[in-house]
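[1] Provide a 3D model corresponding to the input given below.
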Amino acid sequence: MASRPERGAAPDTRWRWHWLWRSLASRLVLALLVFLTVPILLYEQFRVADAEKQVLLLRSAQQQGQLVARALEPVLATLEKRDLTRLGERLEPFADANTSVRLLLSPAMPAAAASTGLPDGEGFFYVASAPVVPTALLDIERQRLIEQGILGNLAGSCAGNMPLAIPVQQASGGTELLTSITPIRTSMGCWAVITSHRAAAYLGAGAGRPYWQTPEVQAAALVYLAMAALIMLLLVEIWRNLRRFGAVARAIVQKSGPTDSFAAQNRVPELAPVAEDFDRLVATLHSSAANLRRAAEDNAHAFKTPIAVIRQSLEPLKKLVPPQESRGRRALDLIEGSVEKLDGLVSFARRMDETTADLLEPPRQRIDLSALLNRVLQGYRGLVEQRDVQLSTRVDPGIEVRAGEELLETVIENIIDNALSFSPPDSTLRIILQRREKGVDLVVEDQGPGVDPSNLDRIFERYFSQRPGDAAETLDEDGMPHYGIGLWIVRRNVEAVGGRVTAVNRAGGGLSLRVSLPVAG
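    Next up is the predicted model:
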């Protein structure tokens with residue numbers, strides 16, 4: 001049998017990464033990271049795109065303001081003072097529900113008057129607007145233009161187009177953006193044509209606020225969060241359902257109490273066929289194990305009866321054949337030897353069937369392993385003395401495991417039988433049962449010849465034996481043939497109840513067998 005890594009050993013890095021990649025919990029964490037990262041990346045891209053869109057719209061609005069100013073320039077150049085009261089009507093064609101036009105005028109003054117005039121920007125006054133804006137709001141707007149130095153710059157030269165992006169309140173409660181201010185010099189003075197646009201209608205609902213506060217982004221965030229929550233809930237529900245399946249499977253294997261069916265524990269409709277298949281599989285395994293045990297018992301009984309008849313019939317035949325009839329006596333010896341072999345084969349077949357049944361449905365009662373081991377050792381006292389072997393034991397009291405009493409008894413007997421069969425006279429057989437951090441160890445150490453290192457893993461294979469000659473021709477302590485299945489049964493029984501068995505050569509000679517079992521919870 002090919003060597004395999006010891007159970008419980010630390011997995012290598014490659015196996016760990018493979019497990020992490022295929023783990024449902026790891027994929028849940030990965031999905032959560034994706035859900036957190038994707039909106040951050042997309043938000044930044046959309047925010048930049050929205051900012052670029054706002055810039056383009058603002059430029060368009062500013063260019064529109066310049067065109068309005070150019071269109072008004074001939075009107076303002078020929079305007080007379082008596083026409084100032086009707087100037088608002090001249091602005092109406094350039095305004096609409098979303099666009100406003102305002103006119104400010106800094107009247108021309110003689111040089112002597114200008115030297116003692118108002119501070120920069122204070123000389124501009126609102127003359128007209130379309131649509132009409134309340135005077136109080138116009139005063140606030142004018143003050144902001146003065147504070148930012150815009151009107152002051154125009155007062156000096158009355159030249160240069162200035163793009164703006166100044167938010168101001170509307171009379172209706174909305175927000176406007178002053179988008180451009182264009183100076184026009186005429187004989188009457190320096191005119192300032194100001195255009196503004198209603199922010200929500202022209203630049204979108206997000207104008208003048210952070211991008212994440214826009215309705216579109218908030219609506220998209222709600223939809224995304226709902227989708228992410230739905231997917232995460234789905235994955236979590238599947239994960240929880242699988243954990244419930246695992247709990248049912250452990251309860252079935254450990255037989256720790258009343259067990260429910262997989263179908264009863266299922267909460268995901270799509271997994272209902274899987275749960276039903278699991279229930280059918282469990283029922284099939286229980287039925288198969290019961291049938292194997294029944295067949296093993298029935299077959300053994302059916303074969304043992306004629307074997308016993310043949311064995312009993314040999315006794316009168318031995319008395320009828322005189323000793324000098326060598327051929328007859330030899331024939332009787334051959335028949336008797338064959339009957340013994342046949343009896344051994346029947347016992348061997350029964351043990352194989354029972355072992356297979358235990359693998360399908362391993363018994364899981366709470367067993368006091370310390371008491372069981374002491375009881376089995378008591379039965380070996382006479383055999384140990386007969387073999388002139390010293391028995392050294394150390395058994396921690398009160399150690400309990402979940403298994404079957406017959407299953408564990410078979411494991412203990414096979415290990416001790418194997419150790420005794422290789423122990424020379426005047427040697428010591430050490431048996432230790434001790435607790436460890438998460439389980440219990442049963443160690444059996446002999447002082448025999450040990451095992452070839454290349455065969456340490458093979459001694460647990462079926463039909464493998466290091467005994468001289470044909471294993472089936474050698475007899476155990478009960479006079480039964482060896483078939484090389486003792487340690488194979490040990491390994492299968494131990495692994496069936498969640499344990500493991502290992503073998504190593506001792507430094508001082510001999511073999512050490514260690515059975516590790518989980519302690520009863």
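[2] how far away from the center of its chain is the top strand by length along the chain?
    Secondary structure assigned by DSSP state E gives strand 175-186 as the longest strand of the chain. The chain centroid and the centroid of strand 175-186 are separated by 62 Å, computed with Cα atoms, centre = their mean, to the nearest Å.
[3] for this structure, which helix or strand comes out least confident on mean pLDDT?
    helix 111-114 (a mean of 45; mean pLDDT, DSSP states H and E).
[4] the following helix or strand past that helix pairs with which strands?
    For helix 111-114, the succeeding helix or strand toward the C-terminus, using DSSP states H and E, is strand 125-130. Partners of strand 125-130 in the sheet, by DSSP bridges, are strand 99-107 (antiparallel).
[5] got the buried residues for the partner strand?
    99-106 (16 or more other Cβ atoms under 10 Å). (Glycine included, C-beta is placed from N, CA and C.)
[6] with stretch 68-87 instead?
    68-69, 72, 76, 79, 87.
[7] tabulate those residues in CSV, adding columns for distance to Gln45, secondary structure and pLDDT.
    Below are those laid out as CSV (distance: Cβ to Cβ, whole Å; DSSP: H, G, I helix; E, B strand; the rest coil; pLDDT from 0 to 100):
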residue, distance to Gln45, secondary structure, pLDDT
Val68, 35, helix, 88
Ala69, 37, helix, 86
Leu72, 41, helix, 88
Leu76, 46, helix, 86
Leu79, 50, coil, 84
Leu87, 47, helix, 85
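[8] what would those residues look like in TSV with distance to Ala403?
    Below are these laid out as TSV (distance: Cβ to Cβ, whole Å):
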residue	distance to Ala403
Val68	95
Ala69	97
Leu72	101
Leu76	106
Leu79	110
Leu87	105
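[9] and the two most separated of those residues?
    Val68 and Leu79 (15.7 Å; Cβ to Cβ).
[10] for Met162, state which of the buried residues of stretch 68-87 is nearest.
    Using Cβ to Cβ, these come closest to Met162 at Ala69, 11.1 Å.
[11] can you give me the neighbour number for the spatially closest residue to the closest one that is not a sequence neighbour?
    Distance criterion Cβ to Cβ, 6 or more residues apart in numbering; nearest residue to Ala69, sequence neighbours excluded, is Thr182 at 3.5 Å. Using other Cβ atoms under 10 Å, Thr182 has 23 other residues around it.
[12] tell me the contacts of Thr182?
    Counting by Cβ atoms under 8 Å, 6 or more residues apart in numbering, Thr182 touches 65-66, 68-70, 161-162, 192-193.
[13] those residues in strands, which ones?
    Filtering the contacts of Thr182 for strands - DSSP E - leaves 162, 192-193.
[14] make a markdown table out of those residues and add pLDDT.
    A markdown table is the format used below for the ones in strands among the contacts of Thr182 (pLDDT from 0 to 100):
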| residue | pLDDT |
| --- | --- |
| Met162 | 70 |
| Ala192 | 87 |
| Val193 | 89 |
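[15] identify the farthest-apart pair in the contacts of Thr182.
    Most distant of those, by Cβ to Cβ, are Arg70 and Met162, 15.0 Å apart.
[16] picking that back up, report the angle between the longest strand of the chain and strand 99-107.
    Interaxial angle of strand 175-186 relative to strand 99-107 (axes from the mean of the first three to the mean of the last three Cα atoms, to 10 degrees): 40 degrees.
[17] related to what we said a few turns ago, Asp279: which of the ones in strands among the contacts of Thr182 is nearest?
    Using Cβ to Cβ, those come closest to Asp279 at Met162, 80.9 Å.
[18] just give the number of residues close to Asp388.
    11.
[19] now it: phi and psi?
    Per-residue torsions, Asp388: phi 60, psi 50 (degrees, to the nearest 10).
[20] that one touches Asp426, doesn't it?
    Yes - here Asp388 lies in contact with Asp426, judged by Cβ atoms under 8 Å, at a distance of 6.1 Å.
[21] surely Arg462 is within a helix?
    No - under DSSP: H, G, I helix; E, B strand; the rest coil, Arg462 sits outside any helix and is assigned coil.
[22] hmm, Ile485 and it touching each other?
    Yes - applying Cβ under 8 Å as the test, Arg462 and Ile485 come out as touching, 5.7 Å apart.
[23] got any ranges where the stretch 351-500 of the chain has weak pLDDT?
    Low-confidence segments of the stretch 351-500 of the chain (pLDDT under 70): 352, 355, 357-362, 466-484.
[24] can you pull out the strands in it?
    365-368, 390-395, 400-403, 428-435, 439-445, 500-505 (DSSP state E, counting those that start in this stretch).
[25] looking at those strands, which is buried most?
    Of those, the one with the most neighbours on average (mean count of other Cβ atoms under 10 Å) is strand 400-403, at a mean of 22.
[26] mind checking how far that one is from the chain centre?
    31 Å.
[27] domain assignment for this structure?
    For the chain, automatic domain parsing gives the domain ranges 54-209, 249-361, 365-518.
[28] and those: which comes nearest Ala219?
    Closest among the domains of the chain, using Cβ to Cβ: domain 54-209, at 11.1 Å.
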